[in-house]
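Visitor: Predicted model follows, preceded by the sequence.
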Amino acid sequence: MQMAPEKAIVNNLSFWASRDDNKPDLLCGRPADYFVVQKHFTIIICATLVLGGFSKMIFKNSEVFVLMVLSLSGFVTGQLAYHFVEVHQIVYPLLKTPSFSLYCYFLPLIVFVASLDVDFYIVKNVLWQVLLTGVISFGTTFVIIAYVVLKFNEDSWDLQCCLLFSITLCIIDPLHSVKSLKTIGVSKMYTDIIRGESLIICSFTCIFFGIFRGHTTNVSMFKELHVIIGLSFDIFGSAICGYWCTRIIQIILTDLFSNTLTNVVLCFSLVYMTFYLVEYFGMSGIVALITVGLNLDSLSFKPRMEFIITKFLIMCSSAYEHLIYGFFGIVVGCGEIKYFRFHSLVFIIILFVTVNFARFITVILVSPILMHSSYEYDWRWGIVITWSGIRGVFSLLLAPDIYNFSERKLDAPHMFIFYIQILSLLTTGINSHMMLRSAKTLGLCALSLPRQMAIRNAIQHIQHIMQNSITLFKTEKILTSVNWNVVEEKANIEYNPILKQTHTVNVSRFHHDPKEESPTDEVLIEEARLHVAIIQMSSFEKQCYDGILGVEAARILIGATKSYCPIHGKFMNISDVSTYVKARSWLIKFKTMLTYLDYHRERILFAVPGNNKFMILVYRIIISEEFEYVTYVVTVMYIFPMIIHIWPTARELNISALISINYYFMFLYTLESALKILILKKKYFLQTWNVLEFFIIVMGIVDILCMYFVKLRPDSLILIQFTVVIGYLRIIRFLPIFKIIIPILIKMADVQIKKSLSLMYSITKGYVKSQEDAKLLVRQISSRESIYQKLYDILENNKREAIKELGLIEHEGRDVVIALKTKQAIHNVIAKALKNLTFLWSRGIIDKHEGIEMNKVLLAKVKALNNFPMAIPPPTPDKYLLNIVWMENRDVLIEFFKERTRLTYFDYGDIICREGEMPQGIFLIISGMASLHSSSPTFGIDASQRTERQFKTMYTEYCTSGDVLGELSCLLKREIEYTAVCETTLQAFFISLEDLYEGFDVFWPSLEYKIWLKLALSVANQYFEHDIAGEDLKFQKCVTSNHAYVETLSSYNEMTLNHMSMKFIILVYGNVINSKTEEPHVAPSIIPKSCEQIQGIADVSKLLIILASDSDKKDETPHDIVSTGLRTTKKEYTWKRRDEPEGGHVFRKTN
């Protein structure tokens, strides 16, 4: 029956909608014929959660059995409430709760958790495929289920109930639809496509029910316009609100001063706040939360905070799910049991078959669409997706609305919930099992051969590290009594991915069958490409957490990586990232146009008008600022008359006044132009703004003439229409006022250009760092030498292109780059202080309260960097001498070389120095960028002795402001081994070879030693960054405390190594051999711990020795060694071997 309008309010007062005034408000079970005291309802909540927790412990990962236990226990509780008053009192608050309240309590968090687990970049790549799949799936499922329900239902449901019931069954649960696939390691790309489809269907259904919910008073009163406007707000308005809510949530969650508890509480609260606010303004809160969840990623949280918040939200959603099944079991149990007949069981079986059949038809229809996606889709995935149509809590929460929205009220509304709840349990159990079994049987979760080889390489690497640790522990005296055979046996890794974690095999027996076909290089390089992409994304996240990379830059890099990852054979380079980022060219063109207009406004030179007093007066008037401001005021004053002129009614009442004002305005404009023409004469028309003013005057005169002729010929229709058009063109009289806004727009455009430059520099720098990280792990990606070489070449070429882009950006905006580098340097210093504070705090040196206060002070400084200037003017050229680290900011050295340097200039394409020429001196680049082209680095040895390193291509590096050219060649007095070409106009300081050696003599031996130390540290930081990551190898510290020093080893001289005091011995130049085994070591390499004595083979070999922190070395010893080494070096200047210039390390653009 049709519900009366005044009864609509009652819908929000109970679980079910009331039928009329003389009927009770509870249709499931008997009404409360006693005095209602709402108490002890929390017992039901706690008991449900406890039962769910114990069931999960007992049934482990069998979620369907847990939900069955909760549903059955809820049904039993409902039956007890139906027969016993004591139990009825407990469950009565649940029966009185409006169904929409349960929808608002539970669904927002569950939807948010489901969408938070979806990778937005994956869905973005196949967005239109997912949208079409969702629409086709919803339409196909609805039609098939609706037909079956109308055909086989015997519960006297009307058409509206059948349609609403069918819509409810169309919803695929986004949580359970892929839950089983995630446990077997199926690629996230496929699970996100399924989950994205389910979220779209959920959005459609929630919007549809929301329209019904807003028009429950009279469904027949629907209007097409209202529905279209409502859909627009629900889809686009909700998405926009969700996007801005995401930005607010990101700002709140990334606040440095918020703690873990605060972030968890805020995240939980903001989910519901977003939902209720959007719903309050008449839009879809579910669509808004899906938008929020999709836009949030790991970078939206503080480091290590995402895991905590995600686990908490998953825990809450799991608890909500248990409560939903328990509560709806109670509601079903409170209904009359006479409606449960044999046909109900048959109808459930028919519905189960229909749901899966509809899913099968949907997969057939959408298969051509999915085949056009970037991911590999075949018939096997079609079978798996067929079983993914799992129903769950989404359908359950909307089930009561089938009765509430129907016009004809049924006697058994609890049957809607019963059918949906049983169907959700069946699909959760059977479909999940079949989906899991299908994926395993069809080999979709099996590891490919390249992935097996990658895992094998990783396991062998880990096993090698463990074996080295055992070898090192054996040398400790306190562990001499340990049974090392047992340790080696227990520490041996036994894992075989081929057996899918069901069996184990010793890693030493982990190999491929010789008869098995070996994968081609193309297959291996494709698998390695995916590993490189994963390494890069991990590097971006780590750089962001460490403060090296901004959040926006890291998010862009991760998004670009995921966007290009599906493209077969595509290694993302810096040009791909640039095209992924919005181009800044339109900003530059916009600023150029504005500058052109603003420049010409100030460029007109007023000619001084001789001795004529009148002309001098006019001249002073037109060049004054007051004259210009008066013109602006006149223009602004004409706004109100223009509004009246456009408004027909007001225009008819004020015709004479408008004509007078028009004459007055034209008189002032003509007077202004006449005064300017009087002074400027022909130059007046050289200015764009003056031409515009003259055009306005001409149009005004035409307007006045048209009005005059209309008075003479009022019957001329064409003349009247032309006059009306000319009258509306008076709007151009306001254009000159934009002269005021142009300087503001120029400043705004300049700020945006600087932001774009800063962002692009950060992106490029982060990309370079990711390439370096990938190069460090390239051996673990693939053990095949050909694949290793290809990967190394690709990564090296991409890195060089990125470094070149860094130089070009720095040349384009030096002030922006200087500000960004300064900001990052400050952040690094504060981060180091925070790390030291944490260490002191953990050791009890600093009290907890003091540590908290100091931490707040340092975090405040980090937060203050958000207001750091965007641009810092570059220093004067003479200040760049301070950038040479081996001068150590010593005034004596700086003044010595300042008197002996000269400033040189180079144009684009000029050659600074040529390969094979003798060095003339060193160049300190002040501005611009140069490229260095040479053969591969030799490090002072023949190429024949470096067969293990495959550097056979041309070697290219880029250097820019602050870099130094020619240090090593000048030290050795050998020919230059690279050609330096200017990529831009370049300015540099030049220190001649004679002046440099004069400095060596004046400041001998410290100056020459410091240059060698600087070069050695550069080599170590470039090639062994991962090994020496924990060492503080700052140049100044190494000089003052001798934490690291350079040792010189001449040919045939020997050196004994004390590994107790020497933590690392890095060969940075030349080559040596093990005196006992004659094993060769070539630079750059780390001398192993097993080597106790080495002998020099090259004429000069340089070793960087990093001392252990607890060594008992004397401070005098390193200096004695250095002196001897330097003397040897000076005697060996004429040796024949050519050295590698510092293009590989000194000129690295990573800072």
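Guide: All right, it came through fine.
Visitor: make it CA atoms for all contacts and neighbour counts henceforth
Guide: OK.
Visitor: where does the stretch 751-900 of the chain dip in pLDDT?
Guide: Scanning the stretch 751-900 of the chain with the threshold set as pLDDT under 70 gives 782-783, 877-878.
Visitor: can you give me the strands in it?
Guide: With DSSP state E, counting those that start in this stretch, there are no strands along the stretch 751-900 of the chain.
Visitor: Which residue ranges of it form helices?
Guide: With DSSP state H, counting those that start in this stretch, the ranges of helices along the stretch 751-900 of the chain come out as 778-781, 785-812, 814-842, 848-864, 891-898.
Visitor: Quick one: closest of those helices to Met1060.
Guide: With C-alpha to C-alpha as the measure, helix 814-842 is the member of the helices of the stretch 751-900 of the chain nearest Met1060 (24.7 Å).
Visitor: relative orientation of that closest one and helix 848-864 in degrees?
Guide: Orientation of helix 814-842 against helix 848-864 (axes from the mean of the first three to the mean of the last three C-alpha atoms, to 10 degrees) gives an angle of 170 degrees.
Visitor: how about the helices of the stretch 151-300 of the chain, start to end?
Guide: Along the stretch 151-300 of the chain, counting by DSSP H, counting those that start in this stretch, helices occupy 159-169, 179-182, 188-214, 224-232, 238-253, 260-280, 285-295.
Visitor: Output the contacting helices and strands for the first one.
Guide: The helices and strands touching helix 159-169, judged by 3 or more C-alpha pairs under 8 Å, 6 or more residues apart in numbering; DSSP states H and E, are helix 127-152, helix 393-398, helix 400-405.
Visitor: Could you list the buried residues of the first one?
Guide: Taking 16 or more other C-alpha atoms under 10 Å as the neighbour-count basis, helix 127-152 is seen to contain the buried residues 127, 129-138, 140-142, 144-146, 148-150.
Visitor: Any idea which of the helices of the stretch 751-900 of the chain gets closest to Phe100?
Guide: Per C-alpha to C-alpha, nearest to Phe100 of the helices of the stretch 751-900 of the chain: helix 848-864, 43.0 Å.
Visitor: before we move on, the earlier item: just name the most buried of the helices of the stretch 151-300 of the chain.
Guide: Compared across the helices of the stretch 151-300 of the chain, helix 285-295 shows the largest average neighbour count, a mean of 27 (mean count of other C-alpha atoms under 10 Å).
Visitor: List of residues touching that helix?
Guide: 108, 111-120, 199, 203, 206, 234-235, 238-243, 245-246, 271, 274-279 (C-alpha atoms under 8 Å, 6 or more residues apart in numbering).
Visitor: in the host helix or strand of Ile661, what's buried?
Guide: Per DSSP states H and E: Ile661 is located in helix 655-680. Neighbour counts over helix 655-680 (16+ other C-alpha under 10 Å) mark Leu658, Asn662, Phe665, Met666, Tyr669, Thr670, Glu672, Ser673, Leu675, Lys676, Ile679, Leu680 as buried.
Visitor: does Val885 really touch Phe1035, like I thought?
Guide: Yes - counting by C-alpha atoms under 8 Å, Val885 does reach Phe1035; the two are 7.4 Å apart.
Visitor: Now do the shared contacts for these two.
Guide: Joint contacts of Val885 and Phe1035 (C-alpha under 8 Å, 6+ apart) are Lys1014.
Visitor: In terms of neighbours, single out the busier of the two.
Guide: Using other C-alpha atoms under 10 Å, the more surrounded residue of Val885 and Phe1035 is Phe1035, with 20 against 13.
Visitor: how near is the more buried one to Leu968?
Guide: Separation of Phe1035 from Leu968 (C-alpha to C-alpha, to the nearest Å): 17 Å.
Visitor: and what of Val577?
Guide: For Val577, the distance to Leu968 equals 35 Å [C-alpha to C-alpha].
Visitor: Pick out the residue nearest the middle of the protein.
Guide: Arg555 (1.7 Å; C-alpha atoms, centre = their mean).
Visitor: And the pLDDT at that one?
Guide: The per-residue pLDDT reported for Arg555 equals 84.
Visitor: List the residues that contact it.
Guide: By C-alpha under 8 Å, 6+ apart, the contact set of Arg555 is Leu299.
Visitor: any idea which helix or strand carries it?
Guide: helix 551-564.
Visitor: mind listing what's buried in that helix?
Guide: 551, 553-564.
Visitor: lowest-pLDDT helix or strand in this structure?
Guide: Ranked by mean pLDDT, DSSP states H and E, the helix or strand of the chain with the weakest confidence is helix 1116-1131, at a mean of 34.
Visitor: you'd agree Thr904 is in a helix?
Guide: No - according to DSSP: H, G, I helix; E, B strand; the rest coil, Thr904 belongs to no helix; its state is strand.
Visitor: Report how many residues lie close to it.
Guide: 14.
Visitor: Isn't it up against Ile991?
Guide: No - the criterion here is C-alpha under 8 Å, and Thr904 misses it with Ile991 at 10.4 Å.
Visitor: now the helices of the stretch 151-300 of the chain in CSV, with distance to Lys60?
Guide: Listed next are the helices of the stretch 151-300 of the chain as CSV, based on distance: least, C-alpha to C-alpha, whole Å:
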stretch, distance to Lys60
helix 159-169, 28
helix 179-182, 14
helix 188-214, 23
helix 224-232, 43
helix 238-253, 34
helix 260-280, 27
helix 285-295, 28
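Visitor: between the ones you listed, which gets nearest to Thr595?
Guide: Of all the helices of the stretch 151-300 of the chain, helix 238-253 comes closest under C-alpha to C-alpha, at 33.4 Å.
Visitor: Could you pull up the mean pLDDT of that closest one?
Guide: Rounded mean pLDDT across helix 238-253 is 87.
Visitor: how far off helix 285-295 does it point, in degrees?
Guide: 50 degrees.
Visitor: Dump the C-alpha coordinates for helix 238-253 into PDB.
Guide: Presented in PDB, the C-alpha positions along helix 238-253 are these (Å, rounded to 0.1, in the frame of the first residue of the first chain):
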ATOM      1  CA  SER A 238      31.000  13.600  -4.800                       C
ATOM      2  CA  ALA A 239      34.200  12.900  -6.700                       C
ATOM      3  CA  ILE A 240      35.300  16.600  -6.400                       C
ATOM      4  CA  CYS A 241      34.500  16.700  -2.700                       C
ATOM      5  CA  GLY A 242      36.400  13.400  -2.200                       C
ATOM      6  CA  TYR A 243      39.400  14.800  -4.000                       C
ATOM      7  CA  TRP A 244      39.600  17.900  -1.800                       C
ATOM      8  CA  CYS A 245      39.000  15.800   1.300                       C
ATOM      9  CA  THR A 246      41.900  13.700   0.200                       C
ATOM     10  CA  ARG A 247      44.100  16.800   0.200                       C
ATOM     11  CA  ILE A 248      43.000  17.900   3.600                       C
ATOM     12  CA  ILE A 249      43.500  14.300   5.000                       C
ATOM     13  CA  GLN A 250      47.000  14.200   3.500                       C
ATOM     14  CA  ILE A 251      48.000  17.500   5.100                       C
ATOM     15  CA  ILE A 252      46.700  16.300   8.500                       C
ATOM     16  CA  LEU A 253      48.200  12.800   8.400                       C
END
